[in-house]
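[1] Predicted coordinates and the sequence they were generated for:
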Amino acid sequence: MRWEVYAWAGLSLLLIAAETLIPGAFLMWLGFAAGVMFLLVLAVPGMSLLTQAVLFTALSFVFVFIYRKWFRDRDRVSDQPALNRRTAQLVGRQVVLERGIVQGRGRVQIADAYWDVTGPDLETGTTVVITGAEGMTLQVRPVE
């Protein structure tokens, strides 16, 4: 076999193995491009080094495009969809107003954090339920 066949096979394996050390799903796609180059160089003897480099570059762009288009932007199903959205985790929780709602604005304490709330005017000490959030401000209504 020719040296370039071994080189493309080795580069393909090296890039795919490097993906396990540096996760990010990027090197793997370059490894796939090198794997296709291995097959092309094996099937087409006498391909110039410049042609190989241009094909590898083009294949790399194609594989990375495929990754970005069909794999990266897919919605992932999670058993905890609100994991990194703190306000979404609080929806439905009942809390007591630490400062009554006056002119639509008040405050509650949840654990060791104070949250601004909006809702109908209510007195301090009223139990409310969190119905939503807008930014870092919780929307509440009185418990029925």
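    Ah, there it is.
[2] What residues are bridge-paired with the closest residue to residue 94 other than its chain neighbours?
    Leaving aside its sequence neighbours, residue 94 sits nearest to residue 129 (CB to CB, 6 or more residues apart in numbering; 5.1 Å). Placement of C-beta: from N, CA and C, glycine included. Beta bridges link residue 129 to residue 94, residue 141 when assigned by DSSP bridges.
[3] May I see the buried residues of the worst-scoring helix or strand of the chain on mean pLDDT?
    The helix or strand of the chain with the lowest confidence, counting by mean pLDDT, DSSP states H and E, is helix 86-90 at a mean of 81. Within helix 86-90, the residues that count as buried by 16 or more other CB atoms under 10 Å are 87, 90.
[4] repeat for stretch 26-37
    Buried positions in stretch 26-37, judged by neighbour count with 16+ other CB under 10 Å: 26-37.
[5] How far off centre is it?
    22 Å (CA atoms, centre = their mean, to the nearest Å).
[6] what's the answer for stretch 37-57, then?
    Distance of stretch 37-57 from its chain centroid, counting by CA atoms, centre = their mean, is 35 Å.
[7] And for stretch 19-39?
    Offset of stretch 19-39 from its chain centre (CA atoms, centre = their mean): 20 Å.
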